[in-house]
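[1] sequence below, structure please.
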Amino acid sequence: MTTPLRITAPEQDPRRAEPLTPESVEPYMDGIAAFLGGTANVIMQLSLRPVGRGVLESSVDSGKVTLHPAKRLRTTLTYIAVAMMGSDEERAAYREAVNHSHRPVRSGPQSPVKYNAFDPKLQLWVAATIYWGIDDLYTRMHGPLDPATAEALYQYSARLGTTLQMRPELWPADRAAFFPWWEQNLAQHRIEPALREYFDGLIDLEMLPRPIQFTFAKLQRFIVTGLLPQHVRDEMRMTWTDRDQRRFDQLLRGISVVHTRLPKQARLFPLNIYLFDLRRRLRLGRPLV
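    Next up, the predicted model:
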């Protein structure tokens, strides 16, 4: 029923942190967050109906998580890794590969809403959702960043959109502008039955072998529900109690205690592995997506 309090319009620190680089952003990139937050983040991305319909109606079978879950995980996490930790040349190469996959993703005559995977405003929403997830899980697991560092991370995270076609000026000017914009837009999203059914399949790991479903689906649903904002829980017909919240907070604290004691490369896993794989594919001339 309750969720941790989030500051929707953080005060701006008069000090300015140094702009981040692909190297200096690494301490804020938790690999475990990719596993914990991936499905919840996808649900929030696709809660914007044109994005959701684009996935439901896509004819690009090679990119469908329901058919190729391992490949979809690789391409998604590689995108986050290269957008945040890759060089300009690597980002350009991955942009071209993603563009090739996105070209067929556009609404048809029978689509209930119009969409185009190259629409910068749709890419803005997807990028904003990924940033929100990074900030949310980092705060839950490690506590809030100081205002200047949080602002520097926010400004740098525009790369999540500009690595594709999002224009820099579309990114809200600062964190004080971002959070009200985010919450106002999210509150307007409605999840239609077809998308809810699709999301339930992702949450319950229906695309994976039954032993994996049996072992992990219940935990996955608990984590996804805990990470979703209340509005999205309501749209998904999910229940969440104060007791659930306490158990969830304890789980994240326990994971954080272990995770913060790991060596740097272990904390970055699997993002660092996917970035390494991208660089290997570039050297060998292999497909990136």
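
[2] for Q188, give its distance to R106.
    23 Å (CB to CB, to the nearest Å). To be clear about C-beta, it is placed using only N, CA and C from the backbone, and glycine gets the same treatment.

[3] so which of these two has more stuff around it?
    Between Q188 and R106, R106 has the larger neighbour count (other CB atoms under 10 Å), namely 16 against 9.

[4] gap between the closest residue to the more buried one other than its chain neighbours and G54?
    Among residues not flanking R106 along the chain, N116 sits closest, at 4.6 Å (CB to CB, 6 or more residues apart in numbering). Applying CB to CB, the value for N116 to G54 is 8 Å.

[5] check the contact lists of these two and give me the overlap.
    Jointly contacting N116 and G54 under the rule CB atoms under 8 Å, 6 or more residues apart in numbering are 105-107, 122.

[6] select from the residues you listed the one having the most neighbours.
    Result: L122 is most packed of these (other CB under 10 Å), 21 neighbours.

[7] if we can go back for a sec, what about the residue nearest to R106, neighbour count?
    Neighbour number of N116 under other CB under 10 Å is 14.

[8] residue contacts, it?
    105-107, 122.

[9] repeat the analysis, applying 10 Å as the threshold.
    50, 54, 102-103, 105-107, 122 (CB atoms under 10 Å, 6 or more residues apart in numbering).

[10] which pair in the residues you listed spans the largest distance?
    Taking CB to CB, the two most distant members of the contacts of N116 are P50 and R103; they sit 16.5 Å apart.

[11] these two: which is more packed in?
    Between P50 and R103, P50 has the larger neighbour count (other CB under 10 Å), namely 19 against 12.

[12] okay, the more buried one: pLDDT?
    On pLDDT, P50 comes in at 95.

[13] what sits closest to it if chain neighbours are left out?
    P50 sits nearest to Y115 (CB to CB, 6+ apart), 3.6 Å away.

[14] pretty sure the one you found contacts W125?
    No - the pair Y115 and W125 fails to qualify as a contact (CB atoms under 10 Å) at a distance of 11.4 Å.

[15] so which of these two has more stuff around it?
    Looking at Y115 and W125 with other CB under 10 Å, you find the greater number of neighbours at W125, namely 24 against 20.

[16] please verify my assumption that that one contacts P50.
    Yes - between W125 and P50 there is a contact at 9.0 Å, judged by CB under 10 Å.

[17] off-centre distance for stretch 158-177?
    The chain centroid and the centroid of stretch 158-177 are separated by 15 Å under CA atoms, centre = their mean, to the nearest Å.

[18] for L20, grab the count of nearby residues.
    Counted with other CB under 10 Å, L20 comes out at 20.

[19] now the one 5 residues further on
    The local packing count at V25 equals 17, with neighbours defined by other CB under 10 Å.

[20] and the pLDDT for it?
    97.

[21] same question for the one 3 residues further on.
    At Y28, the model reports a pLDDT of 95.

[22] go through this structure and flag its longest helix.
    helix 120-142 (DSSP state H).

[23] buried stuff in that helix?
    120, 122-138, 140-141 (16 or more other CB atoms under 10 Å).

[24] next: stretch 106-115.
    Counting neighbours by 16+ other CB under 10 Å, stretch 106-115 gives 106, 115 as buried.
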